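Engineer: Give me coordinates for this.
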Amino acid sequence: MDKARILIVEDDYDIANMLRIYFTSLNYETDIAPRGSDALDKTRHNLPHLIVLDIMLPDLDGYEVCRLLRTNTRTSHIPVIFLTQKDERSDKLQGLELGADDYVTKPFDIDELRLRVQNAILRSQRESLTDPRTNLPSGRLLEDQLRKIIHQDGWAVFDIRINHFDPFKELYGFVASDDVLRFTGMLISEVIDDLGDTNDFIGHIGNDNFILITSRTTASSISKELKRRFEEEILAHYNFVDRQQGYIQITRDGNLFEKKQLMNLSIGVISSSQYQFTDIREITELAAEARRADTL
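Structural biologist: Numbering: from 1, shown residues only. Here you go, the predicted structure:
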């Protein structure tokens, strides 16, 4: 899998930099946030696989940061390990009650912290909580979110697929195709930041397929903006020749095999106003049907 992303939220520069160097040497993609507000902003724009969170911060304390992460639909699944000088039982309980996954007290053993980080990420992946390429919710988390909305009103569900993804992967390879998946997840998040709200949910069903749950009132504008931005920005993932000619050429044994279009999005949208649902499979099946119709 690609490098797991760790966000270290720590205002002590020496500790933060030491952890960044250490985890980077272990092949983690590591970022630092010295303030709670910085952590929330970084998390919104690039979902980490895990957050190491100090409690004593200069603005929001770690407890408040954790609470905000857990109450935001898009960040509630991210494992959090508290890092603090406090060693009181009540402090540990408060962190665990807020949904923290683990608790390490300063001064800490760096090997112990490494194992706790490694185990928390592996546990999340084993439970099929996230897709390892985009770190977006998948599997059970996605199903839980659909069960949550099924008897509510005012929602819209998007079934989003990247058309012509497999030919791109065949020609450019899995590293470039994984970059496209990460780009698509970040693009959906950016559009939601602009046009949706913090209650909106983004999931990665698998391979080239994503799901979005948002408000019915914003569905049309979000769909149009997603298609517009994807069509413009996906070009950066192609080489100059393919961009200029507007298609890719698949070759087999040195011979031209097939011409394939550049990638675009097909989006199927259904809302709570259209149907009465009794099972989440009805939601996903109708959304997929609407997406297939959008492909035609």
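Engineer: what sits against His204?
Structural biologist: 130-131, 133-134, 136-138, 181, 185, 210-211 (Cβ atoms under 8 Å, 6 or more residues apart in numbering). C-beta: built from backbone N, CA, C; applies to glycine.
Engineer: mind listing the strands for the stretch 51-200 of the chain?
Structural biologist: 80-84, 102-105, 155-163 (DSSP state E, counting those that start in this stretch).
Engineer: now those strands in JSON lines, with mean pLDDT?
Structural biologist: As requested, these are exported to JSON lines (pLDDT from 0 to 100):
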{"stretch": "strand 80-84", "mean pLDDT": "88"}
{"stretch": "strand 102-105", "mean pLDDT": "86"}
{"stretch": "strand 155-163", "mean pLDDT": "96"}
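Engineer: and which of the contacts of His204 is nearest Gln261?
Structural biologist: Leu181 (18.4 Å; Cβ to Cβ).
Engineer: Need the strands of the stretch 51-200 of the chain in TSV (columns: mean neighbour count and distance to Gly246).
Structural biologist: Shown next, in TSV, are the strands of the stretch 51-200 of the chain (neighbours: other Cβ atoms under 10 Å; distance: least, Cβ to Cβ, whole Å):
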stretch	mean neighbour count	distance to Gly246
strand 80-84	23	45
strand 102-105	17	50
strand 155-163	23	14
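Engineer: closest one to His49 among these?
Structural biologist: Per Cβ to Cβ, nearest to His49 of the strands of the stretch 51-200 of the chain: strand 80-84, 11.3 Å.
Engineer: Sheet partners, orientation included, of that closest one?
Structural biologist: Applying DSSP bridges, strand 80-84 is found paired with strand 50-54 (parallel), strand 102-105 (parallel).
Engineer: Tell me the buried residues in stretch 108-115?
Structural biologist: For stretch 108-115, a neighbour-count test (16 or more other Cβ atoms under 10 Å) marks Leu113 as buried.
Engineer: Only alpha carbons, please: show that stretch as PDB.
Structural biologist: Extracted in PDB, the C-alpha atoms of stretch 108-115 (Å, rounded to 0.1, in the frame of the first residue of the first chain):
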ATOM      1  CA  PHE A 108       7.300   8.200  26.200                       C
ATOM      2  CA  ASP A 109       9.100   5.200  24.800                       C
ATOM      3  CA  ILE A 110       9.500   5.900  21.100                       C
ATOM      4  CA  ASP A 111       9.300   2.100  20.200                       C
ATOM      5  CA  GLU A 112       6.100   1.800  22.300                       C
ATOM      6  CA  LEU A 113       4.600   4.800  20.400                       C
ATOM      7  CA  ARG A 114       5.600   3.300  17.100                       C
ATOM      8  CA  LEU A 115       3.800   0.000  17.900                       C
END
